[in-house]
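In: next comes the sequence, and after it the predicted model I'd like to discuss.
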Amino acid sequence: MKAIVLESAKGVKGGKIQLCFSQIIEMEASPSNVLGLLNASDARFNQQKPRYAWMTAQPEDVKKQFNIDVDLAEGEELIIGVSDPRLAANPDTPLNILITETTEGNEYDVANFSTRAKRAGKDGDFIMKDGNYIYVRTSVVNRVVNPADHIILKDTVRQSAGFSSSAIADALGE
């Protein structure tokens, strides 16, 4: 796992700040991805993109923990770009992004499943588990994260984005 980066801060409603973190998370290669296995030595097939996590915070607490002044108006953004930030409260422990997949979407997820549910690429097929959409949660944790700590659902299937199914009706509450 590569170092986490505190990318930016953005002023949001209520005088709060939204911090954006990114991290390249190395997951085990899936033995079912034959194309990836047959092209493992081709750098184009094993480029990893960073995962992102956003956290809402109080500006004064960001200042205390990271020694960064983020007194921003709503909509104002500050590019930070600090690699391996540490909390002042626990400077010996690294921050990491933790990934959790679930079929339990919150109200917003379910209402916006077409953009919130896991897909194979931006506009690709939905990735589903037992006929349910998968939602991915990312959180920033103050501890070492091992690959086994991530909750990645197994035995998933691709379902065409244009399919007709009761899953869509269920997601919409119809």
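Out: Alright, I've got the coordinates.
In: hey, let's count contacts and neighbours off CA atoms from now on
Out: Will do.
In: where exactly do the helices run in the chain?
Out: 34-38, 59-66, 107-111, 113-116, 166-172 (DSSP state H).
In: and of those, who's closest to Thr156?
Out: helix 166-172 (14.8 Å; C-alpha to C-alpha).
In: before we move on, the earlier item: quick one: which of the helices of the chain is nearest Lys49?
Out: When these are ranked by proximity to Lys49 (C-alpha to C-alpha), helix 34-38 comes first, at 15.2 Å.
In: how distant is the closest one from the center of its chain?
Out: 25 Å (C-alpha atoms, centre = their mean, to the nearest Å).
In: what sits closest to Asp92 if chain neighbours are left out?
Out: Nearest residue to Asp92, sequence neighbours excluded (C-alpha to C-alpha, 6 or more residues apart in numbering): Arg86, at 7.6 Å.
In: cool, Tyr52 as well?
Out: Ser22 (4.4 Å).
In: mind checking how far Gln48 is from Ala73?
Out: 34 Å (C-alpha to C-alpha, to the nearest Å).
In: between these two, who's got more neighbours?
Out: Ala73 (15 against 12; other C-alpha atoms under 10 Å).
In: show me the contacts for that one.
Out: Ala73 sits next to 11-12, 15 when contact means C-alpha atoms under 8 Å, 6 or more residues apart in numbering.
In: what is the neighbour count of Arg137?
Out: Counted with other C-alpha under 10 Å, Arg137 comes out at 15.
In: measure it to Thr103 for me?
Out: As for Arg137, its distance to Thr103 is 11 Å (criterion: C-alpha to C-alpha).
In: what do you get for Asp92?
Out: 35 Å.
In: these two: which has the busier surroundings?
Out: Thr103 (17 against 11).
In: once you drop chain neighbours, what's closest to the more buried one?
Out: Nearest one to Thr103, counting by C-alpha to C-alpha, 6+ apart, is Ile134 at 4.6 Å.
In: list the contacts of that neighbour.
Out: Taking C-alpha under 8 Å, 6+ apart as the test, what Ile134 contacts is 101-105, 117-118, 127-128.
In: could you flag which of these are buried?
Out: Of the members of the contacts of Ile134, the ones counted as buried by neighbours, 16 or more other C-alpha atoms under 10 Å, are 101-103, 105, 117-118, 127-128.
In: tell me the bridge partners for the spatially most central residue of the chain.
Out: By C-alpha atoms, centre = their mean, the chain has its centre lying nearest to Thr138, at 3.9 Å. For Thr138, the beta-bridge partners are Ile99 (DSSP bridges).
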